[in-house]
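Engineer: Got a sequence here, can you model it:
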Amino acid sequence: MAKESFDKEIQFLRMMTLTSGAYSRQQFAERLGISVHTLDKTIRRLKDIVNTMYQGLPEEQSKELEETLRFQYRDSADPMLLFLFRAKSLKESESMRLSLLLTAMKEEAFTTSELLDICASQMPPESSLPDEKTIRNDIKYLEEVGVIQRESKTRPYRYRVRNYFIQELTDEELLDLYDYVDIMSNTQIPSVQGYLLREGLKKHLQRSQMEKHIVEPFLYKYHYPSRILDEAHLFALIHAIRNRRKVTFLYFSPKTEKSYRAKNTNPLFERESEGNQIVTLPLKVVYDHQYGRWYLLGNGRNGISKFRVEGMTQIEETDFVEEDIFNSQLAALERSIQNSWLIDTGRTVTVRARFFKPDATERDFIRARVELQGQWGQIVEEDGQSFIYEIAVNGTTEIKPWLRSFGSSCEVLEPSHLRREMIAEWKEIRAYYESI
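Structural biologist: The predicted structure is shown next:
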């Protein structure tokens, strides 16, 4: 359904969040690889989206763009990607048409021809009227996503909104469901679909005059806005993996100065691209909990390739791959990352570290955390003051931040090069705190 690109808005929102508004308009435009005029249009578009979201509210409840992007513990802000989905996942004409169809089918079942007559009679005169093929496509889409259901088994088929689940729940059960969805959408990944469900439940409670009974017992702080923003690409990549399709995209690595480039529609003004045009067979999507990043692992011209999802733009599906070829490449990838802390495919080394138990506490929270987060590693030795943890892992780059996060409660024993690196890093950190 008219899937449009979020790339420009996503990169702009990411920069605004990370820089806290420290960039000027010119710097934002240069980073995005667009003109200042295009940047201004993007900002106006985002402001219009915010105003549309909160239209009709009292003045004290209305929000500006800056307030929407400001995270506060006392007021859990909606994820930024959510209002992009609301505004751009459907064209304006489609949004209006689907609203009419769903409103009509809420109370009564209709055939396709009857729904066509409803749209023709209720759509504004200045809007282009849909034909029967368009309505059939709308019905097919709504049925595929589970919004409506077919009630008759013989032609002509009749369709009705599929909302019996909510209607069969009591008010108390609806409130419990809302609380559950609120918790899960804020703590699980991916999250955007959960937020959409939470929003739908809240609107239903508002229509039922039950909103006053909603208590927000949980407040959240989003440390990783990229986690939510990159979910726009996540579902497209998963779709390509499930259908064994190659993808092509313009990639901007973390080291490049630009993070976006507009598509050139006029060859006379075509500019040299800052990013790299990539073609790869997507095999696996991996999430890094420590840094809140999504990674795509694929198989390209030079074998296994890894990409940060935040640098991917203009994603499109291309060629189909046979099942045996796909399975063999996926198996090769699984073997190469079998001992990866995250996605490292380097040489396997054995890491040994001594963890010191906390003093004067009944609960050994250090050991509890190691057992929880230590993946397939094992505790091989233990005494009254410490224990030794051992793991075979591909390379040391990815495990190093986890070891360093334990501070003085962790001492790296092997390999020797990792121990030397940790010593050098702690000396550098110590130098920062020397008296002046």
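
Engineer: Now the helix or strand hosting T350 - C-alpha only, CSV.
Structural biologist: Counting by DSSP states H and E, the element that carries T350 is strand 348-356. The C-alpha trace of strand 348-356 is given here as CSV (Å, rounded to 0.1, in the frame of the first residue of the first chain):
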residue,chain,number,x,y,z
THR,A,348,38.4,-17.9,17.7
VAL,A,349,40.3,-17.1,20.9
THR,A,350,39.8,-18.2,24.5
VAL,A,351,39.1,-15.3,26.9
ARG,A,352,39.7,-15.8,30.7
ALA,A,353,38.7,-13.2,33.2
ARG,A,354,38.6,-13.0,37.0
PHE,A,355,35.5,-11.5,38.5
PHE,A,356,35.6,-10.3,42.1
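
Engineer: give me the number of residues near V147?
Structural biologist: 16 (other CB atoms under 10 Å). (C-beta placed from N, C-alpha, C; glycine too.)

Engineer: low-scoring stretches of the stretch 151-300 of the chain, by residue?
Structural biologist: Applying pLDDT under 70 to the stretch 151-300 of the chain picks out residues 210-223, 262-274.

Engineer: what about Q122, how many residues close to it?
Structural biologist: 13.

Engineer: Do I have it right that it meets L100?
Structural biologist: Yes: the criterion here is CB atoms under 8 Å, and Q122 meets it with L100 at 5.5 Å.

Engineer: got a pLDDT number for the closest residue to N163 other than its chain neighbours?
Structural biologist: Leaving aside its sequence neighbours, N163 sits nearest to K106 (CB to CB, 6 or more residues apart in numbering; 7.3 Å). With respect to pLDDT, K106 scores 82.

Engineer: Quick test: name the residue nearest the centre of this protein.
Structural biologist: E231 (2.3 Å; CA atoms, centre = their mean).

Engineer: which residues sit in contact with that residue?
Structural biologist: Going by CB atoms under 8 Å, 6 or more residues apart in numbering, E231 touches 81, 190-192, 294.

Engineer: Cross those residues against strands and list the overlap.
Structural biologist: Mapping these onto strands (DSSP state E) picks out W294.

Engineer: Dump the contacts of E231 into CSV; add neighbour count and distance to I429 as well.
Structural biologist: Converted to CSV, the contacts of E231 look like this (neighbours: other CB atoms under 10 Å; distance: CB to CB, whole Å):
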residue, neighbour count, distance to I429
L81, 22, 35
P190, 18, 35
S191, 20, 34
V192, 20, 37
W294, 23, 29
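
Engineer: re the thing from before, which helices and strands does the strand holding T350 pack with?
Structural biologist: Applying 3 or more CB pairs under 8 Å, 6 or more residues apart in numbering; DSSP states H and E, we find strand 348-356 packed against helix 365-373, strand 386-394, strand 410-414.

Engineer: Figure out how far stretch 193-213 is from the centre of its chain.
Structural biologist: Chain-centre distance of stretch 193-213: 22 Å, with CA atoms, centre = their mean, to the nearest Å.

Engineer: Ignore what I typed, I meant stretch 308-326.
Structural biologist: Relative to its chain's centre, stretch 308-326 lies at 17 Å (CA atoms, centre = their mean).

Engineer: Show me where the stretch 101-250 of the chain has its strands.
Structural biologist: All strands of the stretch 101-250 of the chain, identified by DSSP state E, counting those that start in this stretch, fall at 148-150, 159-161, 245-251.

Engineer: Sheet-wise, list the partners of the last one with their directions.
Structural biologist: Taking DSSP bridges as the criterion, strand 245-251 sits next to strand 276-288 (antiparallel), strand 312-320 (antiparallel) in its sheet.

Engineer: got the buried residues for that strand?
Structural biologist: For strand 245-251, the neighbour count (16 or more other CB atoms under 10 Å) marks 245-247, 249-251 as buried.
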